[in-house]
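Colleague: Take this sequence and fold it.
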Amino acid sequence: MASESRDFGRIRGVAVGQAESDDVTTGVTVVTFDGPVPTVVDVRGGASGTYDTASLSLDATFGGRWALFLTGGSLFGLDAARGIRTQILERGGGVRPFGNPNLLVPVSGAVLFDLPRRRSQIPDYAELGYRAARRARRGPVAIGPVGAGAGATVGKYLGRDRAMPGGLGVAVGPAGTRGTIGVIVAVNSVGAIRDPSNGAWVAGARGRNGGIVPPGSEDSTTGRARGTTIGIVVTDLAIERGGLARIAAEVHSGLATAISPYQCALDGDTLFVSTTEKIRRAGAEAWPGELADDLGRRGAELAARAVLAAVRPAPNRPRAARSGRRRRAR
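Modeller: Numbers count the residues shown, from 1 in each chain. Here you go, the predicted model:
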């Protein structure tokens with residue numbers, strides 16, 4: 001699909017920023033919006049780590065978010081929300097709830113498990129979140145071992161020692177006649193990665209000869225392995241939150257075509273889906289749910305391609321910036 005790219009700037013009302021720890025073993029990826037946008041979450045793994053997701057249920061009163069984030073660090077990584085919120089407040093964002101003079105910035109996110117195997121100092125994820133939000137820009141997004149994908153690995157079903165590098169993947173493409181949809185995934189899966197177009201394994205557990213061992217072909221430790229694929233799907237086509245939930249379900253199906261096994265008991269597989277509502281569809285739907293079906297199908301295709309991009313990024317991908325003053329998050 002020649003029309004695909006990594007340019008999230010094609011989606012109206014979206015910016016993306018990333019930051020990594022000093023040793024580039026963990027990091028944060030954040031998607032920011034011009035204001036609070038309708039968002040849903042779909043958690044499929046049995047061991048998720050998330051921030052403020054209960055209020056994204058379809059029966060919740062408020063479901064808008066100023067930003068969504070993906071982060072390493074397991075539960076430590078949830079501190080990224082504080083830094084992201086601080087940066088958005090500094091640039092003038094936030095809402096005053098119920099006439100209260102204090103500003104609130106609703107954000108949500110999910111974590112993957114990339115903690116070091118030896119006891120060591122945990123990075124300040126509030127600072128990483130602040131830096132990622134401050135760097136948020138419209139345009140192409142760096143992929144591979146950057147942001148939330150900095151410490152990711154895939155194919156842990158034969159043990160972490162035999163896993164291969166994971167990473168962050170991005171795919172953006174047209175949706176409908178005027179809209180755009182994009183997918184960002186941080187791939188830290190227990191499972192191996194397969195190209196759905198030809199069935200070839202492209203990353204997974206290393207065999208004794210250095211090749212990829214497909215899941216199930218050797219004694220497996222899948223039941224004890226921990227891994228996660230977390231992602232964010234954004235479109236600029238206006239669609240109700242029920243439709244966003246349908247898109248999330250279809251995108252999970254797309255991820256399952258590229259990751260095997262997927263959605264295991266010790267995975268944290270989680271997807272957020274948002275619309276910036278910048279484009280209104282002309283005309284009525286031919287059938288109820290037509291737009292959600294179209295966006296879900298396109299999102300599922302893009303999600304599989306984003307997974308492949310995460311584990312085999314192009315050599316000319318942009319490098320992640322690592323400069324910038326340290327700020328205190330509140």
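Colleague: Residue 105 versus residue 91, what's the distance?
Modeller: 10 Å (Cβ to Cβ, to the nearest Å). Every residue, glycine included, has its C-beta placed from N, CA and C.
Colleague: The two - which one has more neighbours?
Modeller: Taking other Cβ atoms under 10 Å, residue 91 and residue 105 do not tie; residue 105 has more neighbours (18 against 11).
Colleague: That one and residue 212, how far apart?
Modeller: 43 Å.
Colleague: How about residue 256?
Modeller: 19 Å.
Colleague: Likewise for residue 241?
Modeller: 40 Å.
Colleague: Same check on residue 188?
Modeller: 17 Å.
Colleague: Looking at those two now, which is surrounded by more residues?
Modeller: residue 188 (30 against 19).
Colleague: Is the more buried one bridged to anything, and to what?
Modeller: residue 228 (DSSP bridges).
Colleague: Next, the contact list for it, please.
Modeller: Contacts for residue 188 (Cβ atoms under 8 Å, 6 or more residues apart in numbering) come out as 72, 112-114, 149, 151-154, 166, 227-230.
Colleague: Burial check on the residue nearest to residue 25 when sequence neighbours are not counted, number of neighbours?
Modeller: Once flanking residues are discounted, residue 25 sits nearest to residue 151: 4.4 Å by Cβ to Cβ, 6 or more residues apart in numbering. Residues near residue 151, counting by other Cβ under 10 Å, number 25.
Colleague: same thing with residue 238?
Modeller: 16.
Colleague: How about residue 20, nearest residue that isn't a chain neighbour?
Modeller: That would be residue 27: by Cβ to Cβ, 6+ apart, it lies 3.7 Å from residue 20.
Colleague: picking that back up, can I get the contacts of residue 188 in a markdown table including secondary structure and distance to residue 49?
Modeller: Output for the contacts of residue 188, formatted as a markdown table (DSSP: H, G, I helix; E, B strand; the rest coil; distance: Cβ to Cβ, whole Å):
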| residue | secondary structure | distance to residue 49 |
| --- | --- | --- |
| 72 | coil | 11 |
| 112 | coil | 8 |
| 113 | coil | 8 |
| 114 | coil | 12 |
| 149 | helix | 16 |
| 151 | coil | 15 |
| 152 | coil | 14 |
| 153 | strand | 17 |
| 154 | strand | 18 |
| 166 | coil | 17 |
| 227 | strand | 12 |
| 228 | strand | 8 |
| 229 | strand | 13 |
| 230 | strand | 9 |
